[in-house]
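Trainee: Take a look and give me a structure for this.
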Amino acid sequence: MLPSPIPDIQRQNLSSTILNLKAMGINDLLNFDFMDPPPAQTLLTALEQLYAIGALDDEGLLTRLGRKMADFPMEPPLAKMLIASVDLGCSDEILSIAAMLSVQNVFYRPKEKQAQADSKKAKFHQPEGDHLTLLTVYNGWKASKFSNPWCYENFIQARSMRRAQDVRKQLVGIMDRYKHDILSAGKDYNLVRRAICSGFFRNAAKKDPQEGYKTLVEGTPVYVHPSSALFNRPPEWMIYHELLLTTREYAHTITAVEPKWLVEVAPQFFKIADANKISKRKKQEKIEPLYNKVCLPMYAVRKSSARADVLSFSMRNQTNGVCQKSRGARVRYVATLLFALIRHSPPLVQSQTFG
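Mentor: Numbering: from 1, shown residues only. Predicted structure coming up:
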């Protein structure tokens, strides 16, 4: 065992932390006085994620969308999903889904009644996936006038539901502050799924011909969690909320999506691959995550030249219908982020290496 536990800031995603720092006007992240400074690589990854969802501009500064996202007390992808739902006309549904995602598991499964609990849970399952299942649970509780006996009867955690209700009220208050309309999409769940794609397109995965799924961004093998509504009918493409590592890496809370939605909501991140121009060799290649290549001989950032010089770069294309942007675009993309990370560093620093 380690002599002391690793601080959370050194092992967790920092996108929310950096978004809040940017909202407070703190741009010099390298020289910010963290109690336990996170690795530069972690900062770079968080900057890339914020840039991808539109929270940061090309200079690494907060956009209007990013400032709005910082006002929501949730992870940036959830905030982006909620903001996007306003234009799609499904903010009422997304408010409920975001609130349900912010609490612990709402289902409980007592040992002596596991079969009965599974049967009750299956009644809420939606063919589109787990996000819509959570929406169905919340709407059912709402139809029962927020009844505790209803929760007990359906093996639902009443305390978690009340917490979700409180979170939803708080989010509605923030939406009212921005004068956003609370609109319902009715039964058009495609709009809801497109809103989910808007915030979580980086969590897209495609079914692997051999077994399980491969994430589009990193090519990581993942599997549908056994508790998912789609466990017995896995879709070709999916978006997951989070990954859980046990004996395998499981995608938890998933929703089936169409690949064209990924290109629509994130054209700066995905594009349609031309099947006629793809060789058999490239069809067998995997995505290699860009940030795994940020090491000593790969990138050096020169403050004196006011730009990031990419010394070496190698990346393969992803080819299953949707692929990431071209080599040159990704070089410029990450070089911009590297420069944004050190743009406010002292002028005496002439070279900074990220590894």
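Trainee: going forward, measure contacts and count neighbours with C-alpha atoms only.
Mentor: Noted.
Trainee: What residues of the helix or strand where residue 43 lies count as buried?
Mentor: Remark: residue 43 resides in helix 40-52, with elements defined by DSSP states H and E. For helix 40-52, a neighbour-count test (16 or more other CA atoms under 10 Å) marks 40, 42, 43, 44, 45, 46, 47, 48, 49, 50, 51, 52 as buried.
Trainee: Please apply the same query to stretch 265-279.
Mentor: Within stretch 265-279, the residues that count as buried by 16+ other CA under 10 Å are 265, 266, 268, 269, 270, 271, 272, 273.
Trainee: Check the offset of it from the chain's centre.
Mentor: With CA atoms, centre = their mean, to the nearest Å as the basis, stretch 265-279 stands 21 Å off its chain's centre.
Trainee: Report the mean confidence score over it.
Mentor: Mean pLDDT, stretch 265-279: 78.
Trainee: What distance do you get for the residue nearest in space to the middle of the chain to residue 170?
Mentor: Central residue of the chain (CA atoms, centre = their mean): residue 200, 3.8 Å from the mean position. To residue 170, residue 200 is 22 Å away according to CA to CA, to the nearest Å.
Trainee: do the same with residue 198
Mentor: Distance from residue 198 to residue 170, by CA to CA: 22 Å.
Trainee: any chance you could map the helices in the stretch 201-350 of the chain?
Mentor: Counting by DSSP state H, counting those that start in this stretch, one finds helices in the stretch 201-350 of the chain at the ranges 259-265, 280-283, 327-342.
Trainee: tell me, which of those helices is the model least confident about?
Mentor: helix 327-342 has the lowest average pLDDT among the helices of the stretch 201-350 of the chain, namely a mean of 52.
Trainee: on that earlier part again, which residues does the residue nearest to the centre of the chain contact?
Mentor: Contact partners of residue 200, counting by CA atoms under 8 Å, 6 or more residues apart in numbering, are 77, 78, 81, 239, 240, 241.
Trainee: And residue 192, by the same measure?
Mentor: Counting by CA under 8 Å, 6+ apart, residue 192 makes contact with 85, 88, 90, 93, 94, 185.
Trainee: With secondary structure, pLDDT and distance to residue 29 as added columns, please give those in TSV.
Mentor: Putting these into TSV (DSSP: H, G, I helix; E, B strand; the rest coil; pLDDT from 0 to 100; distance: CA to CA, whole Å) gives the following:
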residue	secondary structure	pLDDT	distance to residue 29
85	helix	97	31
88	helix	96	35
90	coil	97	36
93	helix	98	36
94	helix	98	32
185	coil	96	41
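Trainee: closest to residue 28 among these?
Mentor: Minimum distance to residue 28 across the contacts of residue 192 is 32.5 Å, recorded for residue 85 (CA to CA).
Trainee: follow-up on the earlier one: and the furthest pair within the buried residues of helix 40-52?
Mentor: The widest separation within the buried residues of helix 40-52 (CA to CA) is 18.3 Å, between 40 and 52.
Trainee: Which elements pack onto the helix holding residue 43?
Mentor: With contacts defined as 3 or more CA pairs under 8 Å, 6 or more residues apart in numbering; DSSP states H and E, helix 40-52 has these neighbours: helix 15-23, helix 327-342.
Trainee: hang on, the earlier thing: backbone dihedrals for the residue nearest to the centre of the chain, both of them.
Mentor: Torsion angles at residue 200 (phi, psi; degrees, to the nearest 10) stand at phi -120, psi 30.
Trainee: Check what pLDDT it gets.
Mentor: For residue 200, pLDDT reads 97.
Trainee: Residue 141 too?
Mentor: Reported pLDDT for residue 141: 97.
Trainee: can you check residue 43 too?
Mentor: Reported pLDDT for residue 43: 87.
Trainee: and the closest residue to residue 13 other than its chain neighbours, what pLDDT?
Mentor: Leaving aside its chain neighbours, residue 13 sits nearest to residue 46 (6.7 Å; criterion: CA to CA, 6 or more residues apart in numbering). At residue 46, the pLDDT value in this model is 90.
Trainee: so residue 46 touches residue 38, yeah?
Mentor: No: between residue 46 and residue 38 there is no contact under CA atoms under 8 Å: 11.2 Å.
Trainee: who's in contact with residue 68?
Mentor: Counting by CA under 8 Å, 6+ apart, there are no residues that residue 68 touches.
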